[in-house]
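A.B. asks: Take this sequence and fold it.
(2 chains)
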Amino acid sequence: MSAAGDIWVYLSASPLLHLTLTLIAYQIGDRIYRRFGMNPLLNPVVIAIVILVPLLVVTDTDYDSYFDGAQFVHFLLGPATVALAIPLFNQIDRVRRSALAILAAILAGSLAAAGSAAAIVWLFGADTVLMASIAPKSVTTPIAMGIAEKLGGLPSLTAVLVILTGVLGAMLGPPLLNLMRIRDWRARGLAIGVASHGIGTARALQVNEVAGAFSGLAMGLNALATAILLPLIWRWVF
Amino acid sequence: MLASLTLLLLCQLAGETLVVLFALPVPGPVLGMVLLFLGLLVRRLSTQQGVPEALQTTASGLLSHLSLLFVPAGVGVMLHLALIEDAWLALGTALVASTLIAIAVSALVMLGVERLTRRAVAEDAP
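C.D. replies: A predicted model of the protein is given here:
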């Protein structure tokens, strides 16, 4: 085998390569995103995925060996979620003032997201497995997978639909809210957080601190509401 | 920085432990977020102080690149390329439409309920 081949075999077996590639791909995405004035349509997560997936397919790398390296980044999702308590705490007075409106909006948004997604794939003739996999897609990944399992869906498919939903919400949410002439940062953040969990929250945090705090709050409460309500409603409908 | 990161991990650990112990339907990190929030609240009520500066800095650093943390899970899309190709129209329509519906519904309900409660408060006032 050639020297280059030896080096490739050595590098691709260690977590270093895929960890580094993940960071590079994201930074390319982030550069492009910032270069074009943080246009929501140029979401850095999408750009990174569009760079990485073909690269892995071409080099015949399976997802498990990629994840061996990328897991170090993935792991930080836990402490980052905990850290969302801080922007939320900084906005505590604003949250308290509209507690009732926030709760009503999250309940309505949670049911609208799950109900419309399941109904639309049903209209396309999908079976209950696909319906159960897509219903929890607005909830943050680990809990969405748990809900899908409870409903009889495919958790690994749910994980992908959750990410796609997050990206779509971060991309399409801001233009939709502009079109609806909603300028209130609290309502904008909350709506994005309900519909598109952490990926929407990541975008909201970059744009405005109030929006970021409301988005993080909505993400947490929506996870709770959907985890409790969806299995009950599911049992009642099916 | 190190102390703050340890605090975040401790909250997560406590969250994960409570979830397993009481079979709660919440992810551990979300409960960890609640615990940290309550901790900050108790601190403010007892000492009148806000978020410690070091914790604020660490959290801002971690959250400024929150998007990056979703890339590894997002690359998992490669596991389901075949299924997505088969059902792309149904999945695509459902994801786009339901996301737009959820955003519109939650924003409108929030502003609508707030307008109603404000009016009620205003009418109560003499």
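
A.B. asks: quick one: buried residues of stretch A:202-222?
C.D. replies: A:202-207, A:209-222 (16 or more other C-beta atoms under 10 Å in any protein chain shown). From N, CA and C alone the C-beta is placed, and that goes for glycine too.

A.B. asks: Equivalent analysis for stretch A:44-55, please.
C.D. replies: Neighbour counts using 16+ other C-beta under 10 Å place A:Pro44, A:Val45, A:Val46, A:Ile47, A:Ala48, A:Ile49, A:Ile51, A:Leu52, A:Val53 of stretch A:44-55 among the buried residues.

A.B. asks: what does stretch B:53-69 give?
C.D. replies: By 16+ other C-beta under 10 Å, the buried positions in stretch B:53-69 come out as B:Leu55, B:Gln56, B:Thr58, B:Ala59, B:Leu62, B:Leu63, B:His65, B:Leu66, B:Ser67, B:Leu68, B:Leu69.

A.B. asks: That stretch near chain A at all?
C.D. replies: Yes. On the criterion C-beta under 8 Å from any C-beta of the partner chain, stretch B:53-69 is in touch with chain A at B:55-56, B:58-60, B:62-69.

A.B. asks: before we move on, back to that, near chain B, list only the ones from the buried residues of stretch A:44-55.
C.D. replies: Residues of the buried residues of stretch A:44-55 in contact with chain B (C-beta under 8 Å from any C-beta): A:Pro44, A:Val45, A:Ala48, A:Ile49, A:Leu52, A:Val53.

A.B. asks: Check what pLDDT the fourth one gets.
C.D. replies: If I follow you right, that is A:Ile49. Confidence at A:Ile49, expressed as pLDDT, is 94.

A.B. asks: likewise the first one?
C.D. replies: Taken from the predicted model, the pLDDT recorded for A:Pro44 is 93.

A.B. asks: From the centroid of chain A, which residue is nearest?
C.D. replies: Centroid-nearest residue in chain A, with C-alpha atoms, centre = their mean: A:Gly166, separated by 3.6 Å.

A.B. asks: Could you chop the chain up by domain?
C.D. replies: Picked chain A for this. Listed by automatic domain parsing, the domain ranges of chain A are A:3-75, A:83-237.

A.B. asks: um, chain B though
C.D. replies: According to automatic domain parsing, chain B comprises the domains B:1-64, B:71-126.

A.B. asks: for the record, mean pLDDT for the first one?
C.D. replies: Confidence for domain B:1-64, expressed as mean pLDDT, is 92.

A.B. asks: So for stretch A:33-46, what gets flagged as buried?
C.D. replies: Buried residues in stretch A:33-46 (16+ other C-beta under 10 Å): A:Tyr33, A:Pro40, A:Leu42, A:Asn43, A:Pro44, A:Val45, A:Val46.

A.B. asks: Take the residues you listed and keep only those in helices.
C.D. replies: Counting by DSSP state H, the part of the buried residues of stretch A:33-46 found in helices is A:Tyr33, A:Pro44, A:Val45, A:Val46.

A.B. asks: Is the first one in contact with A:Leu42, as I believe?
C.D. replies: What that stands for is A:Tyr33. Yes. A:Tyr33 is within contact range of A:Leu42, at 4.8 Å (criterion: C-beta atoms under 8 Å).

A.B. asks: how much distance is there from the helix or strand hosting A:Ala114 to the middle of the chain?
C.D. replies: In this structure, A:Ala114 sits in helix A:99-123 according to DSSP states H and E. Centre-to-centre, helix A:99-123 and its host chain are 16 Å apart (C-alpha atoms, centre = their mean, to the nearest Å).

A.B. asks: Not counting sequence-adjacent ones, nearest residue to the residue nearest the centre of chain B?
C.D. replies: Closest residue to the average C-alpha location of chain B: B:Val30 at 6.9 Å, with C-alpha atoms, centre = their mean. Nearest non-adjacent residue to B:Val30, counting by C-beta to C-beta, 6 or more residues apart in numbering or on different chains: A:Gly220, 5.0 Å away.

A.B. asks: Look up the pLDDT of the one you found for me, please.
C.D. replies: Looking at A:Gly220, its pLDDT reads 87.

A.B. asks: elements contacting the helix or strand where it lies?
C.D. replies: Secondary-structure element containing A:Gly220, defined by DSSP H and E: helix A:209-237. When contacts are defined as 3 or more C-beta pairs under 8 Å, 6 or more residues apart in numbering or on different chains; DSSP states H and E, helix A:209-237 packs onto helix A:85-90, helix A:92-97, helix A:99-123, helix A:141-151, helix A:185-207, helix B:28-47.
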